[in-house]
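Trainee: have a look; sequence and predicted model below, questions after that.
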Amino acid sequence: MSFLSTIFLAIGLAMDAFTVSITGGIVSSSANMVFALKIGLLFAGFQMIMPLIGWWLGQNIVIYITQYDHWIAFLLLCLVGARMIYESFQKTEKKQSINFNSISVLLLLALATSIDAFIAGVSLSFLELDIIKTIIIIGIITLLLSLIGVRIGKVLGYLMERYAELVGGIILISIGFQILLGHIRG
């Protein structure tokens, strides 16, 4: 696989993390550089680990997860997205929004957005390539796009303050449907 192909693969895999980062920037009141780095590093870490695991499994074990991966990502994203939509309709004094500063929420989102990277890793196991170099490129691009996404989200959050959580929830559910439909279409 060429360097340019690796870059395009990395950009494609990072798009879900980029979109979720925008959502994090929209709904988080503390969308500063530390917040952006936390999201970026966590998402990049998962985007690096998952293809490595997929590559290893593709090299060593028969794959069973491909029948269910899209459902797992779909359900995780829809659960978080539905909660955000629900919370957007709650009265302000009762409102407890999805906490993008919570490590458990970020881990769930990082896992959900990196399942496609796992499958890509399985596919990569059939190619002759340097997997370490490939996952480093994937990680760097995911980190950069996540940082940019949080910044974009912060700007959009100021513009859409009242509807930020509703829009964020819709975005997460849309990503879930995109993953599911992409798998169904083949």
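Mentor: Alright, I've got the coordinates. Here the structure is a predicted model, which is why all the values come from computation and not from measurement.
Trainee: now do the buried residues in the strand or helix carrying Ala117.
Mentor: Assigning secondary structure by DSSP states H and E places Ala117 in helix 103-124. Buried residues in helix 103-124, counted by 16 or more other CB atoms under 10 Å: 106, 109-122, 124. No exception for glycine: its C-beta is placed from N, CA and C like everyone else's.
Trainee: closest one of those to Leu159?
Mentor: Leu109 (22.7 Å; CB to CB).
Trainee: how about the contacts made by the nearest residue in space to that closest one that is not next to it in sequence?
Mentor: Leaving out its chain neighbours, the residue that sits closest to Leu109 by CB to CB, 6 or more residues apart in numbering is Val20, at 5.3 Å. Applying CB atoms under 8 Å, 6 or more residues apart in numbering, one finds that Val20 lies in contact with Phe43, Leu109, Thr113, Gly149, Ile171, Leu172, Ile175.
Trainee: could you find the closest non-adjacent residue to Ser146?
Mentor: Gly40 (3.8 Å).
Trainee: the one you found touches Ile141, doesn't it?
Mentor: No: applying CB atoms under 8 Å as the test, Gly40 and Ile141 come out as separate, 10.8 Å apart.
Trainee: now stretch 7-19: mean pLDDT?
Mentor: Averaged across stretch 7-19, the pLDDT comes to 88.
Trainee: about what we covered before: which pair in the contacts of Val20 spans the largest distance?
Mentor: Farthest apart among these - using CB to CB - are Phe43 and Ile171, which lie 14.9 Å from each other.
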